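Enquirer: how would this look folded up:
(one chain, ligands or ions: 1)
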Amino acid sequence: MIDLIDVHAGYGRIEVLRGISLNVPRGTVTALLGPNGAGKSTLVKVLSGQLRATSGHVHLGGVHVNDAAPDELARAGLCTIPEGRAIFPNLTVAENLRLMRGDPAVVYERFPKLGTRRGQLAGSMSGGEQQMLAFSRALVTDPAVLVIDELSMGLAPVVVAELYEVVAELASSGVTMLVVEQFAETASAVADQVVVMAHGEIATGSDLATVYFGGAS
Ligand SMILES: Nc1ncnc2c1ncn2[C@@H]1O[C@H](COP(=O)(O)OP(=O)(O)OP(=O)(O)O)[C@@H](O)[C@H]1O
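Expert: Numbers count the residues shown, from 1 in each chain. Got it, this is the predicted structure:
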């Protein structure tokens, strides 16, 4: 469903992704792990159309999407939840959900806490509640493919568990997912495939051992 073939990308003259090849089969969950600076968010930007690959191929459902804009990708069924909780802090929970253009009742049923706070400014909620709100995009847009960057960053274990319950539910309903995480335990429990990135490449062999056991970045 998501196919990357020898993808290179970066910022100006700095190359960050150095030949990434990755396949996420339809209806499966892939956990993408790796230390700070490995290039995980850069890969998410390429997938969501925010950053163009300088070479290589990006395919979504068999369609070549290297040049597709973010809104075209969204219309094709891709939902991205970027790092850093992409919500509007000065709008209420209800207003944020209205902008996502879905049925808020679905969200309030899944995350009752958000239901009780629908009139609260999003920026005044706890980090976990804000992430639930950001994650709501995946519930209301009914995506075919979901890409989540750093879902559990900075959150209490109980919130992480709640969010991963929803990940598991979406997975069982057939949504194809790429979940980026910095820590192995959380995402790998629900993943069909675990891939590790280091230094802009998919880590294998001794690199993989270094990432896991050597604490390299
Ligand atoms: N806009 C940018 N301009 C220049 N360099 C950038 C930019 N964004 C990221 N980088 C660099 O690209 C490299 C990879 O960053 P990226 O955010 O993709 O890594 P990451 O694996 O997601 O790390 P983290 O887990 O810390 O978010 C880093 O060296 C970073 O400094």
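
Enquirer: return the longest helix along the chain as CSV; C-alpha atoms alone will do.
Expert: Identified as the longest helix of the chain according to DSSP state H is helix 157-172. Extracted in CSV, the C-alpha atoms of helix 157-172 (Å, rounded to 0.1, in the frame of the first residue of the first chain):
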residue,chain,number,x,y,z
PRO,A,157,1.8,5.5,30.0
VAL,A,158,-2.0,5.4,30.6
VAL,A,159,-2.7,7.9,27.8
VAL,A,160,-0.3,6.0,25.5
ALA,A,161,-2.2,2.8,26.2
GLU,A,162,-5.5,4.4,25.4
LEU,A,163,-4.2,5.8,22.1
TYR,A,164,-2.7,2.4,21.1
GLU,A,165,-6.0,0.8,21.8
VAL,A,166,-7.5,3.0,19.1
VAL,A,167,-4.5,2.2,16.8
ALA,A,168,-5.3,-1.5,17.3
GLU,A,169,-9.0,-0.9,16.6
LEU,A,170,-8.2,1.0,13.4
ALA,A,171,-5.8,-1.8,12.4
SER,A,172,-8.4,-4.5,12.8
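
Enquirer: just the buried residues of that helix, please?
Expert: 159-160, 162-164, 166-167, 170-171 (16 or more other Cβ atoms under 10 Å). In this view, the C-beta of every residue, glycine as well, is placed from N, C-alpha and C.

Enquirer: output the helix or strand just after that helix as PDB - backbone C-alpha positions only.
Expert: Later in the chain than helix 157-172, the nearest helix or strand by DSSP states H and E is strand 176-181. This file holds the C-alpha atoms of strand 176-181, laid out as PDB (Å, rounded to 0.1, in the frame of the first residue of the first chain):
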ATOM      1  CA  THR A 176      -2.900   0.600   6.700                       C
ATOM      2  CA  MET A 177      -0.600   2.300   9.200                       C
ATOM      3  CA  LEU A 178       2.900   3.600   9.600                       C
ATOM      4  CA  VAL A 179       3.500   4.500  13.200                       C
ATOM      5  CA  VAL A 180       6.700   6.400  14.000                       C
ATOM      6  CA  GLU A 181       8.000   6.000  17.600                       C
END
